[in-house]
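> sequence and computational prediction follow.
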Amino acid sequence: MIVHVALPIPVTKTFSYVAPDDWGPYVRKYSRVAVPFHDKTLTGFVAGFEEGVNPRLKQVIEVRDFFPLLTAPLADLVEWASHYYVAPLGIVLKYALPSNLHIERYLSVRSNARSSVALDNMRLGKALKSTGKTALMQYLSEGSATLFDALTGGDFLPAGTTVMNNANSEKVLYSGDISNRFERYLHLISTHLDKGNNVMMLLPDYFSAGAYFSRTLSEAFKDRVLWYGSSIPLKKRMEAYFKVRRDSGYLVLGNKSSVFLPVNRLSCIIVERDEEDGYRNEEGFKFSSPTIAIQRAEIERAGLFIGSASPSIESFHRAQEKRLVFVDNQWLRDRHYDERMHEVSAASYGALLEEVVTVTKRTLERGESVAIYTPRKDYGSFIQCVECKKPFLCPRCEGTLNYHKETGRLTCSNCAGDFVFEEQCRHCGGNIIRFSRIGAEYIEEHLKNAFPQYPVARVSGDAGKKRVKPLSPPGRQPYVLIGTQPLSKLYDVHVHTLLLFGWEDIRQMSGYRSEEKMFHVLINLLDALTPCELFFFMDARKKVVPAHFLDMERFYKDELRKRKNADFPPFTRMFLIEVVKRTKETGLAAVKKIKELLVQQHLVDHATGPLLQKKKAYRWKMIFKGNDDTTFYQSLLNIYDIPDVRVEVDPPNI
DNA sequence: AGCACGCCGACT
DNA sequence: GTCGGCGTGCTC
């Protein structure tokens, strides 16, 4: 037989191999197969097969799965993701069936008939050696032997093909504060678990929000709560895998990889804070897990509940189009910050910082705690020589440098370069250096000096990787917390006063979504830290009006109107096409080719750029807007197959 | 992606 | 005359 294999390489076509005809029963759609490719062995996925022989084709080395591991709805989901994200099936499948999914390692054989009694209770590896694959497969298919996993002792059977009859499941977008959200989650989860179903819940990270929900939900549901993801040890992860795949009554928590997890009797998917960047996958293929989860709920006919203090604009738009039921608990409207809101504007950060000290001092002396938000985690950036006014730029790429005082190093935000900081100007030798932007490290140092008698702590900006330290204020002593985004996930912390230092700089940082980002940051800080008063410290020249961000419904409507007028998402889809070449000439040739591919579709006027950036390589970036009609999609596929060209779907930072 | 091939310029 | 950087094309 001829087997068409989807390989995990950035090439959209499949490759064909031959396999012996008697493998027929085991060659199934999306089963993992080992195949020779160049001079190596790759794990690919069966994308199709047919009768016949072809002496010019190489042989499939082996079929790695006894039966398909993906359920039919998950196979649909993978196909949908491959299309939506313009990624080869093999690359999506590699993510859905990752190499760290070591199922075989934990399987054993259970004998159900005399013929296979010698294999009873034998580890799978050993059984394969003693009987051979064909014989074992024969036992399995006739039912004289079954597999079970050694971690739970339960049967390991082929993935079910039935879809749950959830036809009337509700799809809800819930906008509410953390305590109301939590109540909703508790109620929803118990309802579904009581019916003997499983619930999947996506969380934006493992160490912060993940730890919080894992802990609080475990108090309610005990060992019914499982976490599935690469952050936990293999054995525990596989135990969760086997449990939710076969049993029911579980709540499985996860971040990104769990969206493709096979879940038996999945009747509800919960997504907490769908707007978070932590859901964006950067390795393998770029996707956002809430986007895939929404589609999964659709395909599996499961309920969907998206909960957030500040839902993404996409979700709000979906709700407006009646694809989600919008429930707003109006929590923001019930809180009144206005009369206590202070805006402080000044032209230099030095003057602003003195204002911060004054407000902090006043609050601490009243016996209340303070949190200070800033968008930058470093000590300082935009470094400049006071003598000759020349900026310190990256010697490699001319990019902006950020200074980390703890390590004494400069890092380049553009090319990720890393250099030792010398307090001397490269141009004039002057040694009075200043930063025109300062970050959390600087503020921490400054406030530690100003308030030696109070605890001053910084919430690490390296969110995601490290556990956010649970804050234990000594006794009832007030404290100062300084941090970036992770501050908004400290649901256990309450401060009386929240200071935002340079919050408006987010506007400069992240493209067409900048206002949306400012909104999410502000609202989530209010949600988590429950401050009673709010202070904004702004550069006078960049002043923005906070009130605009505090009226949620109006903010969404304004933002959507602007997006619609400018033809931006969610009203059109965006595709970022990047060309990276060593030489200018080859790059320009690739750009020309890409443009030609889109000229045929009369789409060239949607292109902007190219932008030339000199680094280690020459880069061109082009943005295409479009809907996913077949011709546009076909052009994107053709572009995908050009070497050194990457296509990013739904880019967040344009 | 990863690799071989083949083209050029550089240098013991 | 040989080494190595880089562009091109191919992988069943």
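Cool, got the structure. These numbers come from a predicted model, not from an experiment.
> could you chop chain A up by domain?
A:2-96, A:104-156, A:171-328, A:340-553, A:573-649 (automatic domain parsing).
> assign a three-state SS to A:Phe182, would you?
helix (DSSP: H, G, I helix; E, B strand; the rest coil).
> longest strand anywhere in chain A?
For chain A, the longest strand by residue count, based on DSSP state E, is strand A:40-50.
> can you list the buried residues in it?
Within strand A:40-50, the residues that qualify as buried by neighbour count (16 or more other C-beta atoms under 10 Å) are A:Leu42, A:Thr43, A:Gly44, A:Phe45, A:Val46, A:Ala47, A:Phe49. Any C-beta I mention is one placed from the backbone N, CA and C, and that applies to glycine too.
> low-confidence ranges, chain A, go.
A:161-165, A:167-168, A:338-339, A:395-399, A:413-417, A:461-475, A:600-616 (pLDDT under 70).
> near DNA strand C, which residues of it?
Contacts of chain A with DNA strand C, taken as C-beta under 7 Å from any atom of the strand, map to A:9, A:11, A:15-17, A:35-38, A:57-58, A:581-583, A:586, A:589, A:643.
> any of the residues you listed buried? List them.
A:Phe15, A:Ser16, A:Tyr17, A:Val35, A:Lys581.
> tabulate those residues (JSON lines), appending distance to A:Pro531 and secondary structure.
Below are those laid out as JSON lines (distance: C-beta to C-beta, whole Å; DSSP: H, G, I helix; E, B strand; the rest coil):
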{"residue": "A:Phe15", "distance to A:Pro531": "58", "secondary structure": "strand"}
{"residue": "A:Ser16", "distance to A:Pro531": "62", "secondary structure": "strand"}
{"residue": "A:Tyr17", "distance to A:Pro531": "62", "secondary structure": "strand"}
{"residue": "A:Val35", "distance to A:Pro531": "58", "secondary structure": "strand"}
{"residue": "A:Lys581", "distance to A:Pro531": "50", "secondary structure": "strand"}
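> wait, which of the buried residues of strand A:40-50 is closest to DNA strand C?
For the buried residues of strand A:40-50, the residue nearest DNA strand C by C-beta to the nearest atom of the strand is A:Leu42; the value is 8.7 Å.
> okay, and the beta partners of that closest one?
With DSSP bridges as the criterion, A:Leu42 is bridged to A:Val35.
> circling back to that earlier point, from the chain's centre, how far out does the next helix or strand after the longest strand of chain A sit?
Using DSSP states H and E, the next helix or strand after strand A:40-50 towards the C-terminus is strand A:62-63. With C-alpha atoms, centre = their mean, to the nearest Å as the basis, strand A:62-63 stands 33 Å off its chain's centre.
> over to stretch A:259-275?
14 Å.
> go on, stretch A:624-632?
Computed by C-alpha atoms, centre = their mean, the chain-centroid distance of stretch A:624-632 equals 24 Å.
> may I have that stretch exported as CSV, CA atoms only?
The C-alpha trace of stretch A:624-632 is given here as CSV (Å, rounded to 0.1, in the frame of the first residue of the first chain):
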residue,chain,number,x,y,z
PHE,A,624,-1.8,41.3,4.3
LYS,A,625,-5.3,41.7,5.2
GLY,A,626,-8.0,39.5,3.9
ASN,A,627,-10.7,37.0,4.6
ASP,A,628,-10.1,33.3,4.1
ASP,A,629,-11.6,32.8,0.7
THR,A,630,-10.0,29.9,-1.2
THR,A,631,-7.9,31.9,-3.6
PHE,A,632,-6.4,34.0,-0.8
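> mind listing what's buried in the one helix or strand A:Thr216 maps to?
Applying DSSP H and E as the criterion places A:Thr216 in helix A:209-221. By 16+ other C-beta under 10 Å, the buried positions in helix A:209-221 come out as A:Ala209, A:Gly210, A:Ala211, A:Tyr212, A:Phe213, A:Ser214, A:Thr216, A:Leu217, A:Ser218, A:Phe221.
> ok, and which of those residues reach DNA strand B?
Within the buried residues of helix A:209-221, nothing lies near DNA strand B by C-beta under 7 Å from any atom of the strand.
> just give me the closest of those residues to A:Ser190.
A:Phe221 (7.8 Å; C-beta to C-beta).
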